[in-house]
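Novice: give me a 3D structure for the following:
(one chain, ligands or ions: 1)
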Amino acid sequence: MTDSGSDASYGHVATRDVDTRHGVILYLEDITVSFDGFKALNKLNLDIGVGELRCIIGPNGAGKTTMMDVITGKTPPTSGTAFFGQNVDLTKLSETEIAHAGIGRKFQRPTVFENHSVFENLELAMKTDKRVGPTLFAKLTGQQADAIGSTLELIRLTHEAWRPAGLLSHGQKQWLEIGMLLMQEPMLLLLDEPVAGMTDAETERTGELLNELKGRHSLMVVEHDMDFVTSIAGNGKVTVLHEGSVLAEGSMAQVQADQRVIEVYLGR
Ligand SMILES: Nc1ncnc2c1ncn2[C@@H]1O[C@H](COP(=O)(O)OP(=O)(O)OP(=O)(O)O)[C@@H](O)[C@H]1O
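Specialist: As a prediction, this is how the structure comes out:
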């Protein structure tokens, strides 16, 4: 494993053995997940490019959560292949191994350590050698402190660094949790309804944050809020899932104009 060492700023990503030379970070091919014969995913095919921000939409029950469960190793597919880069077969790894390989997942509800400060939450989330004892209050290297500082800036919580996380607003807690994931230096981030319950200002700020992360990380954002998807997708690809497969894929304007999409989803 190589590591540039000198670059302590945010965006420093340790080189992993994930082969992305073809420009693709995630390949799902013919993924089926059957629950007692019911196909939550039905021959799903989906690729995500390196550095891409991909929005996934689809009506309730379309299979969005199941797809993230397959990617993160929570649910093994009944059939099909799932690769991280060209070479990492996700179906052969445990949830923990997948997280270590560089896939971070944010669930809807924030799960920060409420009694710890914002800074401590980021410190606890940092990649460290857990064998050296309790990580909190262990002396941080300058590089580690810089990494926390850069993340605080990115998630706009520099001024809240020493507040207990329990006192943050809902939106700030969500950003902190994204920051905690970033401390793990993930290559691919999966975000489940990141703006649910946020104020309009928080939603707008989250859109900016995700666009800042784009390029440095690959992002898969599952979201019901169409205005939000329209605002963050730009000219990027949006994937519409329906009944466990991809119904349509293209720019937001293209999928919104797609008659099949209108019928199953947007027109309801
Ligand atoms: N463990 C399970 N056992 C049986 N059926 C399941 C299980 N998990 C999911 N399903 C079914 O699979 C289908 C897809 O569910 P999934 O949660 O992936 O959809 P979703 O697109 O995330 O929906 P939502 O937008 O409502 O969160 C649903 O019909 C759901 O009831």
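Novice: pLDDT below threshold where in the stretch 51-200 of the chain?
Specialist: Within the stretch 51-200 of the chain, the stretches with pLDDT under 70 are 127-138.
Novice: could you tell me which residues of it lie near the ligand?
Specialist: Counting by Cβ under 6 Å from any ligand atom, the positions of the stretch 51-200 of the chain adjacent to the ligand are 58, 60, 61, 62, 63, 64, 65, 66. Any C-beta I mention is one placed from the backbone N, CA and C, and that applies to glycine too.
Novice: tell me which two of those residues sit farthest apart.
Specialist: Largest separation among these by Cβ to Cβ: 60 and 66, giving 12.3 Å.
Novice: and the strands in the stretch 151-268 of the chain, which stretches?
Specialist: For the stretch 151-268 of the chain, applying DSSP state E, counting those that start in this stretch gives strands covering 188-192, 218-222, 238-242, 245-250.
Novice: give me the neighbour count for residue 111.
Specialist: 10 (other Cβ atoms under 10 Å).
Novice: so it sits in a strand?
Specialist: No: if the criterion is DSSP: H, G, I helix; E, B strand; the rest coil, then residue 111 is coil and not within a strand.
Novice: how close does residue 37 sit to the ligand?
Specialist: The span separating residue 37 from the ligand equals 10 Å under the rule Cβ to the nearest ligand atom, to the nearest Å.
Novice: and the pLDDT for that residue?
Specialist: At residue 37 the predicted local confidence, pLDDT, stands at 90.
Novice: please, which helix or strand holds residue 149?
Specialist: Of the helices and strands defined by DSSP states H and E, residue 149 is found in helix 142-154.
Novice: same for that helix, what does it pack against?
Specialist: The elements that helix 142-154 packs onto, with contact taken as 3 or more Cβ pairs under 8 Å, 6 or more residues apart in numbering; DSSP states H and E, are helix 118-125, helix 170-182.
Novice: now for the nearest residue to residue 260 once chain neighbours are set aside: which residues touch it?
Specialist: If you skip the residues right next to it in sequence, residue 260 has residue 247 as its closest partner in space, 5.8 Å away by Cβ to Cβ, 6 or more residues apart in numbering. For residue 247, the set of contacting residues under the criterion of Cβ atoms under 8 Å, 6 or more residues apart in numbering consists of 58, 240, 241, 258, 260, 261, 264, 265.
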